[in-house]
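Colleague: The sequence isn't on hand, but the structure is:
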């Protein structure tokens, strides 16, 4: 099946205290505010109009995972597949004014996605003044689902995403899109739908040094990392923001060059601590806080 989804488009989250989350996003991660009104704040790490969308709300929760297709025709093709995949269309219009076409749907498991055309971008708007670390782009999202194999089947049927790697017990699995990055979505097995983390890409390893030092100035600390994941081959570090959402800062990932010459890897060594290097090349095990983390998805009417 041809990829419809090319890459992650944006992450929309509900937040109780927008100002606190904006402060973290700008002064720690180095995003900038591109749009704000009484209901929403948009932030970006580059010239795109929105990568992280804060919905000013009465709870802290995940709202919608935005997945980017390259044309409105591909968005329409995705829309035509939603109901046959057992999912429900919530809206056939784009959710943001910076998007030309979009369709939002819900899965029976309680996850909410929007497949949309590219977000408006200022090509030479990548650089701007910031005191934060200065991430390059939003690069992947890990969600939590009670049934990873079913969620994967839905995403493949609707968006053409493909499996890149998984644990044999489906505790973790990863899917790639048209940009060939090892994963744009990760799926974590859990008891209820949720968000595990949102990731922004770092281009230089010394950014982790700056991240740790900046977090210290906010009386905060890293949850896990720096390290290098075996799945994806990317460097990483994790922390949580003022809303409780986990943020990963990820180095550049491995890419899958040729579908025909690629077989998804299956991780069979599941016993801790003996499997530590199957997940982290450098050997530091994931803490319980990371393994058990759950940021809830907002209930879908």
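Modeller: Okay, I see it. Everything quoted here is computed from the prediction, not taken from an experiment.
Colleague: part of a helix, is residue 207?
Modeller: Yes. Looking at residue 207 with DSSP: H, G, I helix; E, B strand; the rest coil, it is inside a helix.
Colleague: Now for it, how many residues are close by?
Modeller: Per other Cβ atoms under 10 Å, the neighbour tally for residue 207 reads 21. Every residue, glycine included, has its C-beta placed from N, CA and C.
Colleague: Report pLDDT for residue 1.
Modeller: pLDDT, residue 1: 62.
Colleague: Secondary structure of residue 213: a helix, I assume?
Modeller: Yes. Judged by three-state DSSP, residue 213 forms part of a helix.
Colleague: any weak-confidence spans in the stretch 51-200 of the chain?
Modeller: The model of the stretch 51-200 of the chain has no residue with pLDDT under 70.
Colleague: quick one: the strands in it?
Modeller: 52-56, 61-68, 88-91, 102-106, 112-116, 138-145, 162-167, 172-176, 185-189, 194-201 (DSSP state E, counting those that start in this stretch).
Colleague: Just put these in CSV and tack on distance to residue 18 and mean neighbour count.
Modeller: What follows is the strands of the stretch 51-200 of the chain, written out as CSV (distance: least, Cβ to Cβ, whole Å; neighbours: other Cβ atoms under 10 Å):
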stretch, distance to residue 18, mean neighbour count
strand 52-56, 5, 21
strand 61-68, 13, 24
strand 88-91, 23, 14
strand 102-106, 22, 23
strand 112-116, 20, 25
strand 138-145, 18, 24
strand 162-167, 35, 21
strand 172-176, 31, 25
strand 185-189, 26, 22
strand 194-201, 16, 24
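Colleague: all helices for the stretch 201-301 of the chain, in order.
Modeller: 206-217, 276-279, 288-291 (DSSP state H, counting those that start in this stretch).
Colleague: residues of the last one that come out buried?
Modeller: Same thing as helix 288-291. Within helix 288-291, the residues scored as buried using 16 or more other Cβ atoms under 10 Å are residue 290.
Colleague: any idea how far residue 69 is from residue 193?
Modeller: Distance check for residue 193 against residue 69: by Cβ to Cβ, to the nearest Å, it reads 23 Å.
Colleague: re earlier: present the strands of the stretch 51-200 of the chain as CSV; the columns should include distance to residue 214.
Modeller: As requested, the strands of the stretch 51-200 of the chain are exported to CSV (distance: least, Cβ to Cβ, whole Å):
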stretch, distance to residue 214
strand 52-56, 17
strand 61-68, 25
strand 88-91, 37
strand 102-106, 34
strand 112-116, 31
strand 138-145, 19
strand 162-167, 32
strand 172-176, 29
strand 185-189, 25
strand 194-201, 14
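Colleague: Now do the contacts for the residue nearest the centre of the chain.
Modeller: Closest to where the C-alpha atoms of the chain average out (Cα atoms, centre = their mean) is residue 141, at 1.6 Å. Going by Cβ atoms under 8 Å, 6 or more residues apart in numbering, residue 141 touches 8, 11, 65, 184, 185, 186, 195, 197, 198, 199.
Colleague: distance of the fifth one from residue 93?
Modeller: When distances are taken as Cβ to Cβ, residue 185 and residue 93 turn out to be 23 Å apart.
Colleague: Residues in contact with stretch 247-255: which ones?
Modeller: Applying Cβ under 8 Å, 6+ apart, the contact partners of stretch 247-255 are 29, 133, 135, 139-140, 142, 180-183, 197-203, 205, 207-208, 211, 225, 228, 232-241.
Colleague: Narrow the residues you listed to just the buried residues.
Modeller: 29, 133, 135, 139-140, 142, 180-183, 197-202, 207-208, 211, 225, 228, 232, 234-241.
Colleague: so how far is the first residue of stretch 181-190 from its last?
Modeller: Start-to-end span of stretch 181-190 (Cα to Cα, to the nearest Å) is 25 Å.
Colleague: From the chain's centre, how far out is that stretch? Work that out for me.
Modeller: Put simply, stretch 181-190 sits 8 Å off its chain's centre (Cα atoms, centre = their mean, to the nearest Å).
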